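# Make a model of this:
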Amino acid sequence: MNPLPQSKVFLVILAAGQGTRLGPLTSNNPKCLVKLRNKSILEHSLAEWKKVAEIEPLVVSGYLSDKIQGLTKVKNDEFNNSNMVYSLLCAREKIERSSHSYIYVSYGDIVCSAKNIKKLLMSDSDLSVVIDLNWKSFWQLRMENILDDVESLRITGGYISEIGQPIKNLKQVEGQYIGIIKFKKEIILKELANYQHEILSSSDVRKTAKIKNMYMTDFLQSLIKKNISLKPVFIKGGWIEVDTETDLNVYEKTLNQTGSINGLIL
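The predicted structure follows:
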């Protein structure tokens, strides 16, 4: 698959967390360096991006940051007391200095196929979010009760109107967010400045801690409330998330049996 002519991209990989649910596998490595088929999650992810784009990767590291080598990094020193949005804030200066019009963000524990990445690259919206329509079969592969993990996703008029909220039933789920976003640079810089202002202006320790621990889906929901349009980029499988030891065991078994996982060939 050849790179697109316009596909030189600035890719921010959020990889600060330890990944405690992976047990001993992260005792000596950050989550993004856990291996599947003799390659780390990060290596698999970058390989897929490189199939369709000339990438300038920036890793937001944290836990065992020194283990991540050969890539440009910024460190989230508060990785134990923060979440994805705060990690993205740590990349703000690098984003500001970049010459790119759009900023791509990917979680460090996912691998997405080049085919799906290409769909995102082709989106001309100011803010695009990758959404899996075939999420249910993938969730069922990994867990017994999908309601324990699934979050709301609603589409109205071709745009995301609700994301990442607790659900009462599956009617609230029209797809699932996979952890990859494309932001217009001006939008993300403005919203990260607003987010930082919230942190700095808070005098309540508990409120500050809550803000630093904001989930990315809650951040996206806050943008919806500001009437910022979130365009879904629909995919049907072709990606994985490595969250637990069970995930890895299921993936290895499935790869041995079929050669692919959720439509992703590794």
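# In space, what's closest to residue 176 - neighbours in sequence excluded?
residue 135 (3.7 Å; Cβ to Cβ, 6 or more residues apart in numbering). C-betas here are computed from N, CA, C, even on glycine.
# Please enumerate the strands of the stretch 1-150 of the chain.
8-14, 35-36, 39-40, 54-61, 72-75, 102-107, 110-112, 127-132 (DSSP state E, counting those that start in this stretch).
# wait, which of those strands is closest to residue 241?
Closest approach to residue 241 among the strands of the stretch 1-150 of the chain is made by strand 110-112 (4.9 Å; Cβ to Cβ).
# ok, residues contacting that closest one?
Residues from elsewhere that reach strand 110-112 (Cβ atoms under 8 Å, 6 or more residues apart in numbering): 41, 44-45, 48, 106, 130, 178-180, 238-242, 264, 266.
# let's go with 6 Å and repeat that
By Cβ atoms under 6 Å, 6 or more residues apart in numbering, the list of residues contacting strand 110-112 from outside reads 44, 45, 179, 180, 239, 240, 241.
# now do stretch 52-60
Here stretch 52-60 makes contact (Cβ under 6 Å, 6+ apart) with 1, 3, 7-16, 49, 68, 71-74, 76, 87, 90-91, 94, 114, 117-118.
# 7 Å - rerun?
Residues outside stretch 52-60 that contact it (Cβ atoms under 7 Å, 6 or more residues apart in numbering): 1, 3-4, 7-16, 46, 49, 68, 71-74, 76, 87, 90-91, 94, 114, 117-118, 121.
# Pull out the buried residues from those.
Burial by neighbour count, judged by 16 or more other Cβ atoms under 10 Å, picks out 3, 7, 9-16, 46, 49, 68, 73-74, 76, 87, 90-91, 94, 114, 117-118, 121 from the contacts of stretch 52-60.
# Let me know the secondary structure of residue 196.
helix (DSSP: H, G, I helix; E, B strand; the rest coil).
# ditto for residue 183
Applying three-state DSSP: residue 183 is strand.
# if we can go back for a sec, how near is the residue nearest to residue 176 to residue 157?
Distance, residue 135 to residue 157, using Cβ to Cβ, to the nearest Å: 21 Å.
# the more surrounded of the two?
Each of residue 135 and residue 157 has its neighbours counted (other Cβ atoms under 10 Å); residue 135 has more, 23 against 6.
# If you drop the residues flanking it in sequence, what lies closest to residue 241?
Computed as Cβ to Cβ, 6+ apart, the closest residue to residue 241 that is not its neighbour in sequence is residue 110, at 4.9 Å.
# picking up where we left off before, what about the strands of the stretch 1-150 of the chain, which gets the closest to residue 214?
Proximity to residue 214 (Cβ to Cβ) singles out strand 8-14 among the strands of the stretch 1-150 of the chain, at 12.8 Å.
# what lines up beside that closest one in the sheet?
Strand 8-14 has the following strand partners under DSSP bridges: strand 54-61 (parallel), strand 102-107 (parallel).
# Now mean pLDDT, mean neighbour count and distance to residue 172 too, for those strands, in JSON lines please.
Formatted as JSON lines, the strands paired with strand 8-14 follow (pLDDT from 0 to 100; neighbours: other Cβ atoms under 10 Å; distance: least, Cβ to Cβ, whole Å):
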{"stretch": "strand 54-61", "mean pLDDT": "97", "mean neighbour count": "20", "distance to residue 172": "31"}
{"stretch": "strand 102-107", "mean pLDDT": "98", "mean neighbour count": "23", "distance to residue 172": "22"}
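# Distance to residue 168 for those strands - can I get that in a markdown table?
A markdown table is the format used below for these (distance: least, Cβ to Cβ, whole Å):
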| stretch | distance to residue 168 |
| --- | --- |
| strand 54-61 | 34 |
| strand 102-107 | 26 |
